[in-house]
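In: Structure here, sequence nowhere to be found:
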């Protein structure tokens, strides 16, 4: 079997309703409900963190407290006010100590990942993919560490990196998304529990896909993971992220932060297939996905690409961005966002051109069905020093039915006259002609919609590792089930 | 194979077909001719089950089954194929993927194993060659950027891949140059056989030089006003529809 295939294999039987909605019955360790300085101290103590990190968290918390009334309101999404004191900020499966190997992981947890199709054991070795699995607030297993270690690649839970590689974490944590960045990132900085850490040393081409699987299980808990990826000079890494959650009537908050740093000539490819529980057909329940993702192309000729397929969550609020500092650095954003039933998505990117001859590409495909509202919001900024910068943006919206909405909000700021910025946007509907044509060839309505939608998203899907692309295609079909006729 | 009795069809509340009778036995090719607006395309869409084409009276039997009770995809799976007058573009979907989904939907229905990518490509390449079509067309998006002739040939290619029992060709000959016309004709002829019936909808006699029909029908104002053998087509070519239509009206 090829690289990511195994990871994907069982994600496969996607049929009908949300398939990942089961709850794992496992005893959990909670921090007391609500958020105050003690909660922050509790989490930091649980993680046995050094003083500098606790101080960093507390600074974040103090800023968050002062700005509590300033939750961002500019996005085109509506939801009832979140009571931040009603959330558990730390939930971890109970266990006596950190597992030294997979054999020591609670079998109930392994079964959960088995059900999700995430290979953590022997199967992972066959699949040739390294997986870090994050369950609620903690990382339960990271596979393949040994083989990666031989190459000098570090791939581990961020809490472990804090202990084992404090110099790297301290140098880069918050260097792309500072703790004061925005409301949700600040909240994350104060209470982040776990997430993945990757460091690829100079000149090393990471030979396998690295993957993190996030799972929210505990009721009324939030997930605040933090991922930090550093690609040193001339290195390469490709990273995949997948997400699911149980079906619950209450909304759950997911406020993650992902930071990428690419040094000279390095390349990071980051792909997400986000399938958090979207809520039911009437808009009850679902995940609030308020995420800050940003990459810094620090070195010359470095490259960062974001590819996202967002089919889940009740609300998606995320703008994976690239700061193009290094001369001739390249940023890419490829996105498919689906909103069906009562889902809302406000997503897009920021491309900040600072270095000379920097280039960026934005391809965004928004698909709305049911009462879904889908907004592309993006910023292309060419700084004064960015001689010869180029950007190409294409934002396409596809509407299915007449109750949904697709919106495009592109901001363009150009401060250098040698820059070239192009923006194209289209809005279309799936036509009756297309549907009838497909059906006349024998396809069901659902199959026809999936076919047409996949065609619409092709440019984005082809950026995913192949096995992931196949899954994403099916996921699109499932997400849109019942949207026509 | 196809048995139409007293078929009345309304589109947007207006009756277009006013009692049409037609029998196409297996193995035969029938040509349906007639002036613009006579209801030829309405007949084609009705048989294929397009929404908005309401059968208000009469019945349509296909292999003994009531066709009007079936969804469009069920008809296709049972073996009804419509070559569109204006083939539809589907951006981003390769011809190969599109057809593979279609072929496998039909095969599933027939209880045949689905074709995998390799088997499908093998079959497709073989068929393309016979139609003198470029293999590269498989990776092009469905009908996007195809010339008129390419679109029509692509319809014939799809027909071959789907192996229908009843093929309805809606003005597949219009807009074709003589070489493309010959290829389309060969495509139709190659599928002639005892297990299959073909309905050729056309304005012109030209196609019938290459596909010799077993019967020719003239449709005017929603009714078949005359049926005959291939000589009827030649007669129409020489005299036009006007006299016939006038005669039928009186």
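Out: Right, received. Where do you want to start? Owing to the predicted nature of the structure, the values given are computational and were not obtained by experimental measurement.
In: only C-alpha atoms for contact and neighbour calcs from this point on.
Out: Fine.
In: Report pLDDT for whatever residue of chain B ends up closest to chain A.
Out: Using CA to the nearest CA, the closest approach of chain B to chain A is made by residue B:92 at 3.8 Å. We have a pLDDT of 91 for residue B:92.
In: which residues does it contact?
Out: A:452, A:454-459, B:141-142 (CA atoms under 8 Å, 6 or more residues apart in numbering or on different chains).
In: and after the longest strand anywhere in chain A, which helix or strand comes next?
Out: The longest strand of chain A (DSSP state E) is strand A:286-297. Counting by DSSP states H and E, the next helix or strand C-terminal to strand A:286-297 is strand A:303-310.
In: Return the list of strands paired to that following strand, each annotated with direction.
Out: strand A:267-274 (parallel), strand A:330-339 (parallel) (DSSP bridges).
In: now the angle from that strand to strand A:286-297?
Out: 170 degrees (axes from the mean of the first three to the mean of the last three CA atoms, to 10 degrees).
In: From the chain's centre, how far out is strand A:303-310? Work that out for me.
Out: 9 Å (CA atoms, centre = their mean, to the nearest Å).
In: any idea which helix or strand comes after it?
Out: Next along from strand A:303-310, by DSSP H and E: strand A:315-318.
In: so what secondary structure elements neighbour that next one?
Out: strand A:286-297, strand A:344-353 (3 or more CA pairs under 8 Å, 6 or more residues apart in numbering or on different chains; DSSP states H and E).
In: What segments of the chain are helices?
Out: Using chain A here. A:5-9, A:37-46, A:51-66, A:107-116, A:122-127, A:145-150, A:158-164, A:166-172, A:183-191, A:432-440, A:445-456, A:458-461, A:466-479 (DSSP state H).
In: Oops, wrong one, chain B.
Out: Going by DSSP H, chain B shows helices at B:40-48, B:72-78, B:95-109, B:117-130, B:148-162, B:178-190, B:230-239, B:242-249.
In: can you pull the buried residues of the fifth one?
Out: Judged by neighbour count using 16 or more other CA atoms under 10 Å in any protein chain shown, the buried positions of helix B:148-162 are B:148-162.
In: try the last one
Out: Buried residues in helix B:242-249, defined by neighbour count with 16+ other CA under 10 Å: residue B:245.
In: mind listing what residue A:351 touches?
Out: A:321-324, A:331, A:360, A:379-381.
In: if we can go back for a sec, CSV for the helices of chain B, including mean pLDDT and distance to chain A?
Out: CSV is the format used below for the helices of chain B (pLDDT from 0 to 100; distance: least, CA to the nearest CA, whole Å):
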stretch, mean pLDDT, distance to chain A
helix B:40-48, 96, 7
helix B:72-78, 97, 4
helix B:95-109, 94, 5
helix B:117-130, 91, 14
helix B:148-162, 92, 8
helix B:178-190, 88, 18
helix B:230-239, 86, 29
helix B:242-249, 79, 32
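In: ranking the ones you listed by burial, who's on top?
Out: Comparing the helices of chain B by mean neighbour count (mean count of other CA atoms under 10 Å in any protein chain shown), helix B:72-78 comes out on top with a mean of 25.
In: Show me the contact partners of that helix.
Out: Outside helix B:72-78, the residues touching it (CA under 8 Å, 6+ apart) are A:436, A:439-444, B:48-50, B:67, B:105-107, B:109-110, B:164-165.
In: ok, what's across the strand from residue A:212?
Out: residue A:132, residue A:241.
In: shouldn't it be in contact with residue A:228?
Out: No: Residue A:212 lies out of contact with residue A:228 (CA atoms under 8 Å); the separation is 11.9 Å.
In: Give me the common contacts of the two.
Out: residue A:196.
In: And the average pLDDT for stretch B:16-34 is what?
Out: 95.
In: What is the neighbour count of residue B:66?
Out: 12 (other CA atoms under 10 Å in any protein chain shown).
In: unless I'm mixing things up, residue A:300 is touching residue A:328, no?
Out: Yes: the pair residue A:300 / residue A:328 is scored as a contact, 5.9 Å apart, by CA under 8 Å.
In: Report the contact partners of the residue nearest to residue A:417 when sequence neighbours are not counted.
Out: Setting aside the residues directly before and after it, residue A:417 is nearest to residue A:387 in space (CA to CA, 6 or more residues apart in numbering or on different chains), at 8.0 Å. Neighbouring residues of residue A:387 by CA under 8 Å, 6+ apart: A:355-357, A:416-419.
In: Could you identify the most distant pair in these?
Out: A:355 and A:417 (14.3 Å; CA to CA).
In: what about the two, which has more around it?
Out: Comparing residue A:355 with residue A:417 by other CA under 10 Å, the one with more neighbours is residue A:355, at 27 against 12.
In: Got the confidence number for that one?
Out: 97.
In: Likewise for residue A:477?
Out: 79.
In: Give me the nearest residue to it, chain neighbours excluded.
Out: residue A:450 is the one closest to residue A:477 (CA to CA, 6+ apart), at 4.7 Å.
In: May I have the residues that are in contact with the one you found?
Out: Neighbours of residue A:450 in contact, by CA under 8 Å, 6+ apart: A:473-474, A:476-477, A:480.
In: Same check on residue A:315?
Out: Contacts of residue A:315 (CA under 8 Å, 6+ apart): A:77, A:278, A:286-290, A:343-346.
In: Repeat the analysis, applying 10 Å as the threshold.
Out: A:77-79, A:251, A:253, A:276, A:278-279, A:286-290, A:339, A:342-347, A:373-374 (CA atoms under 10 Å, 6 or more residues apart in numbering or on different chains).
In: For it, report the pLDDT, please.
Out: 91.
In: how many other residues sit next to whichever residue of the stretch 351-485 of chain A sits closest to chain B?
Out: Chain B sits closest to residue A:455 of the stretch 351-485 of chain A, with a gap of 3.8 Å, by CA to the nearest CA. Number of residues near residue A:455 (other CA under 10 Å) recorded here: 22.
In: So the closest residue to it other than its chain neighbours versus residue B:109, what's the distance?
Out: Counting by CA to CA, 6+ apart, residue B:92 is the residue found nearest to residue A:455 once chain neighbours are left out, at 3.8 Å. Computed as CA to CA, to the nearest Å, the residue B:92 to residue B:109 distance reads 27 Å.
In: Same check on residue B:14?
Out: 35 Å.
In: among the contacts of residue B:92, who's most crowded?
Out: Busiest of those [other CA under 10 Å] is residue A:457, holding 27 neighbours.
In: Show the model's pLDDT score for that residue.
Out: 93.
In: Show me the beta-bridge partners of the nearest residue to it once chain neighbours are set aside.
Out: Closest residue to residue A:457 apart from its sequence neighbours, by CA to CA, 6+ apart: residue A:365 at 6.3 Å. Each beta-bridge partner of residue A:365 is listed here, defined by DSSP bridges: residue A:336, residue A:396.
In: ok, how many other residues are close to residue B:207?
Out: With other CA under 10 Å as criterion, residue B:207 counts 23.
In: Can you tell me how far the closest residue to residue A:446 other than its chain neighbours is from residue A:445?
Out: Excluding the flanking residues, the one nearest residue A:446 by CA to CA, 6+ apart is residue A:481, at 6.4 Å. Residue A:481 sits 9 Å away from residue A:445 when distances are taken as CA to CA.
In: What's opposite the most centrally placed residue in chain A in the beta bridge?
Out: The centroid of chain A falls nearest to residue A:272 when counting by CA atoms, centre = their mean (5.0 Å). Per DSSP bridges, the residues bridged to residue A:272 are residue A:241, residue A:308.
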